[in-house]
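Novice: pasting the structure only:
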């Protein structure tokens, strides 16, 4: 495998990780009421 | 040296310029507009007041009072009642509009009752002179027990004064400016005695509002002191009347308006712009102008960008060392980026017009005008705000539906907003229209392409209204509905605000969608340049054998192009495309378009980038062809054009109706708190899109 091919695989891997993170990674739910959740939701 | 952090909450009625004050205090660039409901969530910024004092500035959604009727209004009350919230304000800054002081002060008197140090900002003070308004500031300060700051974010005065008052917040009086408990002395006395450590007005809000700051506390108060629903409503009305009596008395001396000095252009303009015939005609004319301009004015920078990227791809291919990575750059990355950058001019023009309409105050007239139509279809006049915001992106638009009080109207608005033509559809429409609609003029004046674009926008709007009508009949939710909308004054749009809006929206399109498109372009290029099995590896030999052994005497010069085609067909992406071809063939799409349809499920604008990548991979010719030229020259095996009129219309209709946006589904789930509604959206919209595209193609082919 030459340098150009290694660069291609690296770039594709970065793109794949980005897409997976963007669409399939579950983000932590944000609290709306500060640190001590006020229980209003 | 220790730094003191103080929390400052900006509170006020909708459209009083809270976000403009927020932007000036923090140096941030949150979107502002001259119509209510722009801010639906709290936003946090920071402001260094002195070397030792830093302020956390909180921009809250607009609310008319502390009697919440919608989710965005609840955000304000929840914060003000919850002392444990880390953002609980040390000082509240109530922003009012100098021309609507009477109504705006209702909220101020309620906040004063919560005994939070409060500063009264009278915004848009530059309009006092043209409107003949004069204020007796010492009298207002004395009566309202506060400090009054005159501010004009347009002219840029008063902000330093406001900062000084915030620094000095400890000297502010926390005493209420009136005694609201006199509406029922006996009841409030009992309440005071039962909870001596609690603020009386806070208790009253907990009893009357569906908000909480501690579950147990609310239950305890409610169990002991709840009156009948009608009694509570009656008391709330008495409270409001009492407050307005106090405000009237205060303003009798504190504010004088000399009508003879005021120019009454507003009412004259309102008469025309909200007229039942002229109003709609003007709105229609403005839309026509916008879409004409999007096509006409954008064509020059677009052609330039398109040609530049084609040159760049060609240059990269010829001058970089030969190899896989060079191919990735010239066939994957550059066409992918080009596929998004090319639409910057059109998107910038669209947002330029929308920002000017918002800033001028015209958008509120549109909301008012449309309410009559909207109501017939189960929507509210306030649904116009999400529907118009939907021309940018359905995600913030769906969030802005939070200021619709009625749950059924809000749900219908959320469900139908994705039909509105968003900026992500614009690239798809633009390229397809340019391919299938001739660049002629109607009556020598209107461009046919611009008119087609407008028809597509109207189609999206019409479909949204039609779906709302159906949903209104189908959904069995009984709720009362009322309509309150702010009618702001007409203003000359502020260049800075318009520029911020245009830059921010375009930036978020380019960097938000651009990153996804770039990543997908890279993956697509890889899938299109690699394949399993012998067919892909031995493409050169197979094609050569076919050409040289063919009885038709094929010219060997076609071999490079044939090899590329053959490779693409037997690549991973080719296999995927071929497997879905039976489903999309009746719509007039080949497997290459099929791939673009599948990848653009993530985001519609990926469609053009995908085709640009596929056609770059599939072509070995070194001509610096633009995306449009490549699509135009694409032919079926029988020599007929792939992008003919029937396929073009079928694709336009598919993209007009299909739910091709994963992020919109996610936001619908978040806003409705259920997977049911996004699934309804997906099945209904995409199913309808498939049928519409199928019918169109079968009729036109």
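Specialist: Yep, that arrived. Keep in mind it's a predicted model, so treat the numbers as computed, not measured. Numbers count the residues shown, from 1 in each chain, chains lettered A, B, ... in the order given.

Novice: any weak-confidence spans in chain A?
Specialist: A:25-41 (pLDDT under 70).

Novice: so residue B:551 sits in a helix?
Specialist: No: going by DSSP: H, G, I helix; E, B strand; the rest coil, the assignment for residue B:551 is coil, not a helix.

Novice: can you show me the helices along chain A?
Specialist: A:3-24 (DSSP state H).

Novice: from it, which residue is nearest to chain B?
Specialist: Closest contact between chain A and chain B, by C-beta to the nearest C-beta, is at residue A:4 (3.4 Å). The way it works is simple: take the backbone N, C-alpha and C, and place the C-beta from them, glycine included.

Novice: who's in contact with that residue?
Specialist: B:321, B:323-326 (C-beta atoms under 8 Å, 6 or more residues apart in numbering or on different chains).

Novice: number of nearby residues for the closest residue in space to it that isn't next to it in sequence?
Specialist: Nearest residue to residue A:4, sequence neighbours excluded (C-beta to C-beta, 6 or more residues apart in numbering or on different chains): residue B:323, at 3.4 Å. Using other C-beta atoms under 10 Å in any protein chain shown, residue B:323 has 14 other residues around it.

Novice: next one: residue B:256
Specialist: Neighbour count of residue B:256, defined by other C-beta under 10 Å: 12.

Novice: now do the contacts for the closest residue to it other than its chain neighbours.
Specialist: Distance criterion C-beta to C-beta, 6+ apart; nearest residue to residue B:256, sequence neighbours excluded, is residue B:134 at 5.2 Å. For residue B:134, the contact set (C-beta under 8 Å, 6+ apart) comprises B:128, B:255-256, B:258.

Novice: and residue B:134, helix, strand or coil?
Specialist: strand.

Novice: against chain A, how distant is it?
Specialist: According to C-beta to the nearest C-beta, to the nearest Å, residue B:134 and chain A sit 42 Å apart.

Novice: tell me which residues touch the residue in the stretch 201-350 of chain B that chain A sits nearest to, please.
Specialist: Among all residues of the stretch 201-350 of chain B, residue B:323 sits closest to chain A, at 3.4 Å; criterion: C-beta to the nearest C-beta. Contact analysis of residue B:323 by C-beta under 8 Å, 6+ apart lists A:2-5.

Novice: can you pick the most crowded of these?
Specialist: residue A:4 (16 neighbours).

Novice: measure that one to residue B:321 for me?
Specialist: 7 Å (C-beta to C-beta, to the nearest Å).

Novice: go on, residue B:670?
Specialist: For residue B:670, the distance to residue B:321 - C-beta to C-beta - is 48 Å.

Novice: neighbour count for the two, which is higher?
Specialist: Using other C-beta under 10 Å, the more surrounded residue of residue B:670 and residue B:321 is residue B:670, with 14 against 8.

Novice: what helix or strand is the more buried one on?
Specialist: helix B:662-672 (DSSP states H and E).

Novice: what packs against that helix?
Specialist: helix B:394-400, helix B:407-416, helix B:676-700 (3 or more C-beta pairs under 8 Å, 6 or more residues apart in numbering or on different chains; DSSP states H and E).

Novice: mind listing what's buried in that helix?
Specialist: B:662-665, B:667-669, B:671-672 (16 or more other C-beta atoms under 10 Å in any protein chain shown).

Novice: residues touching residue B:99, list them.
Specialist: Contact analysis of residue B:99 by C-beta under 8 Å, 6+ apart lists B:124, B:127, B:131, B:133, B:489.

Novice: and the closest residue in space to residue B:471 that isn't next to it in sequence, how far is that from chain A?
Specialist: Among residues not flanking residue B:471 along the chain, residue B:412 sits closest, at 4.8 Å (C-beta to C-beta, 6+ apart). Residue B:412 sits 23 Å away from chain A, going by C-beta to the nearest C-beta.

Novice: can you report how many residues lie near residue B:439?
Specialist: Residue B:439: 12 neighbours (other C-beta under 10 Å).

Novice: surely it and residue B:450 touch.
Specialist: No: counting by C-beta atoms under 8 Å, residue B:439 stays clear of residue B:450, with 10.0 Å between them.

Novice: the contacts of residue B:99 in strands, which ones?
Specialist: residue B:133 (DSSP state E).

Novice: what residues does the stretch 301-450 of chain B have near chain A?
Specialist: Residues of the stretch 301-450 of chain B lying close to chain A (C-beta under 8 Å from any C-beta of the partner chain) are B:321, B:323-326, B:328.

Novice: give the contact list for the residue nearest to residue B:471.
Specialist: Contacts of residue B:412 by C-beta under 8 Å, 6+ apart are B:378-379, B:383, B:468, B:471-472, B:475.

Novice: before we move on, what's the pLDDT of it?
Specialist: With respect to pLDDT, residue B:412 scores 92.

Novice: now do residue B:40
Specialist: pLDDT at residue B:40 comes out at 57.

Novice: repeat for residue B:229
Specialist: The predicted local confidence for residue B:229 is 68.

Novice: count of residues packed around residue B:312?
Specialist: Residue B:312: 17 surrounding residues under other C-beta under 10 Å.

Novice: what's the helix or strand for the spatially closest residue to it that is not a sequence neighbour?
Specialist: Using C-beta to C-beta, 6+ apart and skipping the chain neighbours, the partner closest in space to residue B:312 is residue B:334 (5.5 Å). Residue B:334 is located in helix B:334-341, with elements delineated by DSSP H and E.

Novice: so what touches whatever helix or strand comes next after that helix?
Specialist: Of the helices and strands lying after helix B:334-341 in sequence (DSSP H and E), the nearest is helix B:344-360. Here helix B:344-360 makes contact (C-beta under 8 Å, 6+ apart) with B:33-35, B:286, B:290, B:293-295, B:297-298, B:301-302, B:305, B:363, B:366, B:388, B:391-392, B:423, B:426-427, B:430, B:490-494, B:497-498, B:501-502, B:505-506, B:509-510.

Novice: in PyMOL, how would I select just the buried ones from the residues you listed?
Specialist: In PyMOL syntax, the buried subset of those is picked out as below (16+ other C-beta under 10 Å):
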select buried, chain B and resi 33+34+35+290+293+294+295+298+302+305+363+366+388+391+392+423+426+427+430+490+493+494+497+498+501+502+505+506+509+510
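
Novice: where along the stretch 51-200 of chain B do the strands fall?
Specialist: B:53-59, B:91-97, B:118-123, B:133-135, B:147-150 (DSSP state E, counting those that start in this stretch).

Novice: point to the helix or strand of chain B where mean pLDDT is at its lowest.
Specialist: Across the helices and strands of chain B, mean pLDDT, DSSP states H and E gives its lowest value to helix B:215-225, namely a mean of 58.

Novice: does the residue nearest to residue B:312 touch residue B:314 like I think?
Specialist: No: when contacts are counted by C-beta under 8 Å, residue B:334 is not listed as touching residue B:314 (9.3 Å).

Novice: which of the two has more neighbours?
Specialist: residue B:334 (24 against 16).

Novice: spit out the contact partners of that one.
Specialist: If you count contacts by C-beta under 8 Å, 6+ apart, then residue B:334 has B:309, B:312-313, B:316 around it.

Novice: now swap in residue B:610 and tell me
Specialist: B:520-521, B:524, B:595-596, B:599-600.

Novice: so what's residue B:321 up against?
Specialist: With C-beta under 8 Å, 6+ apart, residue B:321 has these contacts: residue A:4.

Novice: for it, which three-state class applies?
Specialist: Quick answer, by three-state DSSP: residue B:321 is coil.
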